[in-house]
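Visitor: The following comprises the amino acid sequence and a computationally predicted model.
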Amino acid sequence: MMQRQNKDSRTDTNRSGNGFAVVELFTSEGCSSCPPADKLIADLQKEYGEKELYILSYHVDYWDRQGWKDRFSDKAFSEKQQQYATWLNLPGVYTPQAVVNGKAEYIGSHRADITADILKSMQQTASRSLQLKCSLATDKIQVTYHADDTKNADLVLALIQKNGDSNVRAGENAGRHLTHIQIVRSFVRASLSQSGISIAVPAGFTSTGWELIGFIQNHDTGLITDAAKCNFISGI
């Protein structure tokens, strides 16, 4: 039974000057090159702690035809990666791929490149105003939000499972036990001209094991200009 909960995870309004980094990893349990990238983002999460680092791991579905179906994969995540290929003028998609703040992409296991971009992004001055509030109801998550600068941009809201694992029985990673963090289970694009949206509670959701990450993204270039998150406190 889900308890009703109104919990604001972001009430600070004066965030000007606070740099941040959104790291989006495109990965798959069917890809033998991906476990090092999964480990890298787990290491980064530990290293940066409570700093303004937002990690999202999308499991693409095009590896599912190679002998192992990734239970976290979704066609929508492959389509999102293809959108980045268009925005960044890339010839195609690959795994593992990491995109930082929607503006630059790297091989997902290349620590030096990714950490250099994270540090640079965090050191930049940014005028930030995004606020998210999440409340749990019986079968939905109600998200309310506000941002000052909404020109040519949407709010992307991603529902994140903080941890997961699989015993892979086929494909390139057959026989391996793989662990994952910050697994995107679904995402929606919301209009910043509105103030709220409802998201269905998925199967397996727990208030302590999931969070919601939101970021403002230019729909013409892919550039991410702000980010925030909600944590769910009450138990289910």
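Guide: Perfect, I can see it now.

Visitor: how far away is Gly214 from Trp68?
Guide: Remark: distance between Gly214 and Trp68 (C-beta to C-beta, to the nearest Å) = 31 Å. Bear in mind the C-beta positions are built from the backbone N, C-alpha and C, glycine included.

Visitor: Could you check which of the two has the larger neighbour count?
Guide: Neighbours were counted for Gly214 and for Trp68 using other C-beta atoms under 10 Å; Gly214 has more, 26 against 21.

Visitor: Distance check, the more buried one against Leu44.
Guide: From Gly214 to Leu44 the distance is 20 Å (C-beta to C-beta).

Visitor: what about Ala112, is that helix, strand or coil?
Guide: With DSSP: H, G, I helix; E, B strand; the rest coil as the basis, the three-state label of Ala112 is helix.

Visitor: What pLDDT is listed against it?
Guide: On pLDDT, Ala112 comes in at 98.

Visitor: do the same with Thr11
Guide: Looking at Thr11, its pLDDT reads 35.

Visitor: just the strands in the chain please.
Guide: Along the chain, the stretches classed as strands by DSSP state E are 5-8, 21-27, 53-59, 97-100, 104-107, 131-136, 140-146, 153-167, 177-191, 196-200, 210-218, 224-231.

Visitor: what's around Tyr231, how many residues?
Guide: Careful, residue 231 is Asn; it's not Tyr. Asn231 is flanked by 14 other residues according to other C-beta under 10 Å.

Visitor: so it touches Glu211, yeah?
Guide: Yes - between Asn231 and Glu211 there is a contact under C-beta atoms under 8 Å: 5.0 Å.

Visitor: shared neighbours of those two, anything?
Guide: Here Asn231 and Glu211 have no joint contacts, going by C-beta atoms under 8 Å, 6 or more residues apart in numbering.

Visitor: in the chain, which residue is closest to the centre?
Guide: Nearest to the geometric centre of the chain sits Leu56, at 2.5 Å (C-alpha atoms, centre = their mean).

Visitor: thinking that one is in contact with Val184, fair?
Guide: Yes - taking contacts as C-beta under 8 Å, Leu56 lies within contact range of Val184: 5.1 Å.

Visitor: quick one: common contacting residues for the two?
Guide: Shared contacts of Leu56 and Val184, defined by C-beta under 8 Å, 6+ apart, are found at Ala158, Ile160.

Visitor: list the contacts for Arg176?
Guide: When contacts are counted by C-beta under 8 Å, 6+ apart, Arg176 touches Pro35, Asn167, Val168.

Visitor: go with 10 Å
Guide: Residues near Arg176 by C-beta atoms under 10 Å, 6 or more residues apart in numbering: Glu29, Ser32, Pro35, Ser166, Asn167, Val168, Arg169.

Visitor: any idea how far the residue nearest to the last one when sequence neighbours are not counted is from Thr208?
Guide: Going back to what we said before, that points to Arg169. Ranked by C-beta to C-beta, 6 or more residues apart in numbering and with sequence neighbours excluded, the top spatial neighbour of Arg169 is Trp68, at 7.2 Å. Distance, Trp68 to Thr208, using C-beta to C-beta: 29 Å.

Visitor: Repeat that for Leu192.
Guide: Computed as C-beta to C-beta, the Leu192 to Thr208 distance reads 29 Å.

Visitor: Name the residue in these two with the higher neighbour count.
Guide: Comparing Leu192 with Thr208 by other C-beta under 10 Å, the one with more neighbours is Leu192, at 18 against 12.
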